Every structure is written in C-alpha cells, then in structure tokens.
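A.B. asks: Quick check, what structure comes out for this input:
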Amino acid sequence: MQLETYISDLLYRYECVVVPNFGAFLTERQSATINAENHTFYPPKKVISFNEQIQKNDGLLARYIADVEKIPFEVATKKIKKRVKALKSYLTQGETITFNNIGEIIFNTEGKIVFEPSYNLNYLTDAFGLSPFESSVISREVYKETAQAIEETTPIVFTPEKRKNRGYLKYAAVALIALTLGGFGASKYYVDQIETHNQLAQEQATQQLESKIQEATFSLNPLPAITLNVSKQTGSYHIVAGAFRVEENCDKKVTQLKSEGFSARKIGANKYGLHQVVYASYEGRLDALKALRNIKRTHNRDAWLLVKKLD
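C.D. replies: Numbers count the residues shown, from 1 in each chain. So this is what the prediction gives:
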C-alpha cells in the first residue's frame, strides 16, 4: 500500500493528517518571502512538519483509503496498522524512511524521530502556478543631480552688446503688415469656396446613396441550423495543468493540450483570480490518480489533483 500517496492527497485539503500509532503530518501556511541577499521572491506555501506525540486515530486517513480502494473501514485500519509496524521496524534498524513529496524520517542517536521535509511540492493550492523569481537591483541614474550641481556652481557672465540704429526696419514692418492683411483676405475667400464645394459634394453623395438603397433588394432566407454534439465533462476530480492571470493565456493552454490529445478545458478562476486549466475531469478517484501519475511521468511533473464539485 502506497501510504505516502494517500497522505499527500490529504495534505492539500487538511492541516493535520494522523497516521495512527506513528505520528501526525502537519501543514502551516507561510506567507510569501523575499531573500534580500539574492533578491529572490518566494510565493506563499504550506510548510510540512511531523509530530510524534499525535498518534490517536481520528479516522481521516482510514476513511479516505476505504473510499479510494472501495474497502471497509476496518480493513483500511488494519492495512494502516500493518504498514506502521513495518515502518517502525525499518527505523529501529537504522534505515531512513522516505515519503515521496512529503519528507524523510529517521531515528537520531537518542532514539527519537527526526523529520526532514521535502520541498518538491507546494501543498497550498491557491499558490499553484507561482514559482520563485529573481529581480535584479534597480540602479537609479543621478545625472540630473550632477547637471543641477554644475549649473549652481558655474558662474554666468553677461556680455553687453551695442545696439545699432537700423532705420530701414520700420519700413519693412509697414510692408509686412500690408502683405499680411492682403493675404488674410485672400485666404478667407479661398476657405469659403472650399466649404461651399464640400457641402455640394456631400449633398450629391447623400442623394446617390439614398437612390442605391431604394434600388437594393435583400434576400433574408433562413440559414440551415447547425447541430453540434458536445460531450460535457463531469466529475469532481480534476487534474490541473496550470493557472493563469491572463485569460488569453488560459485559452492558449487549452488549445495546446487539446492538440496533444487531452480533454482539456477551463474550470473558472480561483479566489486569487487565476484562471485554471485542467487536463481532464474524472468521476472516480482511482481513475484520476492513475491519470495523474501518467501525466506526471510523461508530460508535466507539476500537475496536481484538485477535488472540487463544479456547478
């Protein structure tokens, strides 16, 4: 029995998953962080820890296994008990137990469990599609301040210039005024002629258009109806391919996946406004998990399972 697979599925939805008589895997939401040294931004995530003191069976893990494998609750409980017995045996022999995508467990020199979490998966579904990124330091230019300092320190010297008496300029000014008045009158006459021409041309074009409309006949025969057979996907188990801030990118992803043979579709936006695209939706949990493992192996190792009932 792949116990870590069932634990991993539950960590997406629950903050505490108890393995009876062994311990509990806990998740705690961590806000987005910034590393000031390398200027790296990290998205929010769920941090996994292990508490050996919490061992009481709350029934969550057994009920989930019973539902997935279609077996009685009591049988699922016995399978967990058998698996825990084997895990404790491995630990006492000094072996390291690896839970895929969860972490590693080992006994220390004092005989206590030491847990090292795995960071391969981010169990915070709201942060799906967000990955760490680096932002280089912004260097601001200071040339304006330098120019201002130069202006303040450089003295400005005014050199007086002797003005010459140019009597002929007043005659040129009189001639310029006369030419301007004459040109204004001619320009006004020309503009009036253009406006009159445009008005006549517009009236003529309107009359021609009305005559064409009266002569035109329109055939509005009904078009044949087109029937499209669209198979609507159902199921509450969805294999998520990605989440996008821009809906246009979401449509491109759907088109790409359909061209590759997947029954891709959009399932709406989450509460952060990211538009989600799924490879397919399934009615049964086992079918969804089988398809998810195949997609992770052959197409997208970051794909994950969303359990949600759509309207």
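A.B. asks: For the protein, just list every one of the strands.
C.D. replies: 16-19, 23-30, 33-35, 40-42, 45-51, 97-99, 103-107, 113-117, 133-134, 237-244, 265-269, 275-282, 304-307 (DSSP state E).
A.B. asks: Residue 78 is nearest to which of these?
C.D. replies: strand 16-19 (14.0 Å; C-beta to C-beta). Quick note: C-beta positions are derived from backbone N, CA and C, even for glycine.
A.B. asks: just checking, what packs against the closest one?
C.D. replies: For strand 16-19, the packing partners by 3 or more C-beta pairs under 8 Å, 6 or more residues apart in numbering; DSSP states H and E come out as helix 3-11, strand 23-30, helix 60-69.
A.B. asks: now for the longest one, which elements pack on it?
C.D. replies: It stands for helix 60-69. helix 3-11, strand 16-19, helix 73-92, helix 285-298.
A.B. asks: pLDDT averaged over the shortest one - what is it?
C.D. replies: For strand 16-19, the mean per-residue pLDDT is 93.
A.B. asks: Then the last one?
C.D. replies: Helix 285-298 carries an average pLDDT of 89.
A.B. asks: go on, stretch 77-92?
C.D. replies: pLDDT averaged over stretch 77-92 gives 92.
A.B. asks: List the contacts of it.
C.D. replies: Residues from elsewhere that reach stretch 77-92, judged by C-beta atoms under 8 Å, 6 or more residues apart in numbering: 1, 3, 19-22, 57, 61-62, 65, 97, 105-107, 113.
A.B. asks: Please repeat the previous calculation with a cut-off of 6 Å.
C.D. replies: Identification of contacts with stretch 77-92 by C-beta atoms under 6 Å, 6 or more residues apart in numbering yields 1, 3, 21-22, 62, 97, 107.
A.B. asks: export it as PDB, just CAs?
C.D. replies: Provided in PDB are the C-alpha atoms of stretch 77-92 (Å, rounded to 0.1, in the frame of the first residue of the first chain):
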ATOM      1  CA  THR A  77      -7.500   0.400   9.500                       C
ATOM      2  CA  LYS A  78      -5.800  -3.000   9.600                       C
ATOM      3  CA  LYS A  79      -3.700  -2.100   6.500                       C
ATOM      4  CA  ILE A  80      -2.500   1.100   8.100                       C
ATOM      5  CA  LYS A  81      -1.600  -0.800  11.300                       C
ATOM      6  CA  LYS A  82       0.400  -3.400   9.300                       C
ATOM      7  CA  ARG A  83       2.200  -0.600   7.400                       C
ATOM      8  CA  VAL A  84       3.100   1.300  10.600                       C
ATOM      9  CA  LYS A  85       4.500  -1.900  12.100                       C
ATOM     10  CA  ALA A  86       6.800  -2.300   9.100                       C
ATOM     11  CA  LEU A  87       7.900   1.400   9.200                       C
ATOM     12  CA  LYS A  88       8.900   1.200  12.900                       C
ATOM     13  CA  SER A  89      10.900  -2.000  12.100                       C
ATOM     14  CA  TYR A  90      12.800  -0.100   9.400                       C
ATOM     15  CA  LEU A  91      13.500   2.800  11.800                       C
ATOM     16  CA  THR A  92      14.900   0.600  14.600                       C
END
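A.B. asks: Quick check: buried residues in that stretch?
C.D. replies: For stretch 77-92, a neighbour-count test (16 or more other C-beta atoms under 10 Å) marks 77, 79-80, 83-84, 87, 91 as buried.
A.B. asks: Could you do stretch 23-42 as well?
C.D. replies: For stretch 23-42, by 16+ other C-beta under 10 Å, it's 23-27, 42.
A.B. asks: And stretch 252-269, by the same measure?
C.D. replies: 253-254, 257, 262, 264-265, 267.
A.B. asks: what residue ranges in the stretch 151-300 of the chain are flagged as low confidence?
C.D. replies: Where the stretch 151-300 of the chain drops to pLDDT under 70, the residues are 151-232.
A.B. asks: Quick one: end-to-end length of stretch 66-80, please.
C.D. replies: 11 Å (C-alpha to C-alpha, to the nearest Å).
A.B. asks: circling back: nearest to residue 298, out of the strands of the chain?
C.D. replies: strand 275-282 (11.4 Å).
A.B. asks: Each with direction, which strands does that closest one pair with?
C.D. replies: In the sheet, strand 275-282 lines up against strand 237-244 (antiparallel), strand 265-269 (antiparallel) (DSSP bridges).
A.B. asks: Could you export the first one as CSV, CA atoms only?
C.D. replies: Below are the C-alpha coordinates for strand 237-244, written out as CSV (Å, rounded to 0.1, in the frame of the first residue of the first chain):
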residue,chain,number,x,y,z
TYR,A,237,-11.6,15.0,-9.6
HIS,A,238,-9.7,17.4,-11.9
ILE,A,239,-6.0,17.2,-13.0
VAL,A,240,-4.8,20.7,-13.1
ALA,A,241,-2.4,21.7,-15.8
GLY,A,242,-1.9,25.4,-14.9
ALA,A,243,-3.4,28.6,-13.6
PHE,A,244,-3.0,31.9,-15.5
